[in-house]
Structures are given as C-alpha cells and as structure tokens.
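Peer 1: need a 3D model of the sequence below.
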Amino acid sequence: MESEPGAESSPHDAGLAELVRRIQIGDQAAIRDLHLMFSTGIEFLVGRRLQRPPVPNEVAGVIEAVVQEIRNSSSPQTVNLPRVVAKIIGRLFPLVLAHIQARAADSTGQSSADSVLAESTPLEYEILTRHYVLGEPVDTIRTSLDVSLETVEQVIADARAEFFRRRGRRAGSS
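Peer 2: Reported below is the predicted structural model:
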C-alpha cells in the first residue's frame, strides 16, 4: 500500500490522495466521489468473481470496506486506492484458482481472459487490471508502477494476442 521511494506522482495519484484525505476526515461527499469513480470497476470485478452480475449491496459492501480501510490508514500518501480496492474485493469474494483453470476448457471469451490473467505475473496482472478494469491511461500506469512505457504497451499487446489466440483456438476446436 505504500508508494515506492522516489516514485513520481501523477495528477491522478494526487487526486486520489486528496480523495483519501477527504474520506479520512469524514467528508461524505468524498465517499460519494469514491463510489462514482470506482463502482463500475468494482461491479465488473465482483461480477467476474461471482460468475453473475453483482447486486448493489455487494458493491456497497466493497465501498464500505474500502472506506474503513482508508480511515484505518495513517496517511493519505500511504494508500494506493486501486490496490486497496482490488485487495478488498479479493478478501470479500475469494477466487479459487482451480475454478479458473477448470473453466479454461470452455469456449467463452471470459474464460480465455481469466486464464490469461491466471497465468500472468503480479506486475502483468496489475498493469492489465489498471488498464482494462480501472481505465487508467497507459502513462499513468507507467508512472505509478515505475516501469517503461514499452513494458506497459508490451504487456497489454501480449495479453490481447494471447486472449485472441486462445479464443480462436477454442472456437476452431469446437
């Protein structure tokens, strides 16, 4: 949850740090802002884990847990909000890796995406989640993770190619 020493912060990071600060002091509008910023991504991730559309209470539960985590933190600068959201989703809705691997045998695009993610490194997973789920710009991902632009673009291109390779292979083998 802590920032890397010497890592430059982007305006996106500064905005999230300000949002965290506002939540820590009890600003109710900040909680609404958090919901507006993250609810779509939370809904997507929870739905993937549950294999069905999440109900509003499940999304609200994630938001409540994120707010609690923020309030328990010592400083807004130590909170990596996207990472906190992902961690809480993982804690509230555990994903069984064997379940992903078993589903990899079917022909849906979702199982292709799941299997690509299941085989990714932690850095690749973070890049792909930030890009596809949170909608972060490539340059923000590069800066936040302190990697080269080429690395971010290559991870995205490789994952996309692997996804389409697996999807095409399954479609052709049916």
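Peer 1: can you give me the domain assignment for this protein?
Peer 2: The record's domain parsing of the chain by automatic domain parsing lists 8-95, 96-174.
Peer 1: run through the chain and note the low-pLDDT ranges.
Peer 2: 1-13, 76, 95-110, 169-174 (pLDDT under 70).
Peer 1: which one's the longest helix in it?
Peer 2: helix 149-173 (DSSP state H).
Peer 1: packing partners for that one?
Peer 2: Contact here means 3 or more CB pairs under 8 Å, 6 or more residues apart in numbering; DSSP states H and E; on that basis helix 149-173 packs against helix 109-118, helix 122-128, helix 138-145. Quick note: C-beta positions are derived from backbone N, CA and C, even for glycine.
Peer 1: next, count neighbours for Thr78.
Peer 2: 12 (other CB atoms under 10 Å).
Peer 1: if we ignore the residues flanking it in sequence, what's nearest Leu81?
Peer 2: In space, and not counting its chain neighbours, Leu81 is closest to Leu16: 4.7 Å by CB to CB, 6 or more residues apart in numbering.
Peer 1: now the angle from the helix or strand Ile88 falls within to helix 138-145?
Peer 2: Using DSSP states H and E, Ile88 sits in helix 81-92. Using axes from the mean of the first three to the mean of the last three CA atoms, to 10 degrees, the direction of helix 81-92 lies 80 degrees away from that of helix 138-145.
Peer 1: can I get helix 81-92 in PDB, CA atoms only?
Peer 2: Below are the C-alpha coordinates for helix 81-92, written out as PDB (Å, rounded to 0.1, in the frame of the first residue of the first chain):
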ATOM      1  CA  LEU A  81      -6.500   3.300  -3.700                       C
ATOM      2  CA  PRO A  82      -6.700   0.900  -6.700                       C
ATOM      3  CA  ARG A  83      -4.700  -1.700  -4.900                       C
ATOM      4  CA  VAL A  84      -6.800  -1.300  -1.700                       C
ATOM      5  CA  VAL A  85     -10.000  -1.800  -3.800                       C
ATOM      6  CA  ALA A  86      -8.500  -4.900  -5.500                       C
ATOM      7  CA  LYS A  87      -7.300  -6.300  -2.200                       C
ATOM      8  CA  ILE A  88     -10.800  -5.900  -0.500                       C
ATOM      9  CA  ILE A  89     -12.600  -7.500  -3.500                       C
ATOM     10  CA  GLY A  90     -10.200 -10.400  -3.200                       C
ATOM     11  CA  ARG A  91     -10.900 -10.700   0.500                       C
ATOM     12  CA  LEU A  92     -14.700 -10.400   0.300                       C
END
